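Colleague: okay, here's the prediction I keep looking at, along with the sequence it came from:
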Amino acid sequence: MEACGGAHHWARALQAHGFTVKLIAPQFVKPYVKSNKNDANDAEAICEAMSRPNMRFVAVKTIEQQDIQAVHRVRHHSRRWAPRYPRRWNRSYAAFSTSSCHSSRG
């Protein structure tokens, strides 16, 4: 599969059922797309990329790793628009800080 947030979820679900899952970063699949972007062409490009002997695969992320990545993205992007929209930032931060992904686990 091509790696993205949803792919990590499905990879965990498939691994729980005993499947071996390999994720490929999108930048490694893109050179194999031959024409317009659609599902069939994407699937063909993923199969072509996967068959290469030197292809590097992405590790499946845990929910905690994805949560940490989300926190970092929010912090990174907030530096751009938070000073211009302080009320929106405060509402967004309040909603995010009360969500399950911000709570500590363990």
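Modeller: Ah, there it is. Residues are numbered from 1 along each chain as shown.
Colleague: and residue 2, what are its bridge partners?
Modeller: Per DSSP bridges, the residues bridged to residue 2 are residue 24.
Colleague: state whether it and residue 23 are indeed in contact, as I suppose.
Modeller: Yes - between residue 2 and residue 23 there is a contact under C-beta atoms under 8 Å: 7.3 Å. For glycine as for every other residue, the C-beta is placed from the backbone atoms N, C-alpha and C.
Colleague: mean confidence score for stretch 7-18?
Modeller: The average pLDDT for stretch 7-18 rounds to 94.
Colleague: what does that stretch contact?
Modeller: For stretch 7-18, the surrounding residues in contact (C-beta atoms under 8 Å, 6 or more residues apart in numbering) are 1, 21, 23, 60-63, 66.
Colleague: stretch 57-77: which residues count as buried?
Modeller: 58, 60-61, 67 (16 or more other C-beta atoms under 10 Å).
Colleague: with respect to residue 45, which of the contacts of stretch 7-18 is nearest?
Modeller: residue 1 (12.1 Å; C-beta to C-beta).
Colleague: list the contacts for the closest one?
Modeller: 7, 10-11, 21-24, 46.
Colleague: one more time with 10 Å, if that's ok
Modeller: Applying C-beta atoms under 10 Å, 6 or more residues apart in numbering to residue 1 gives the contacts 7-8, 10-11, 14, 21-24, 29, 46, 50, 58, 60.
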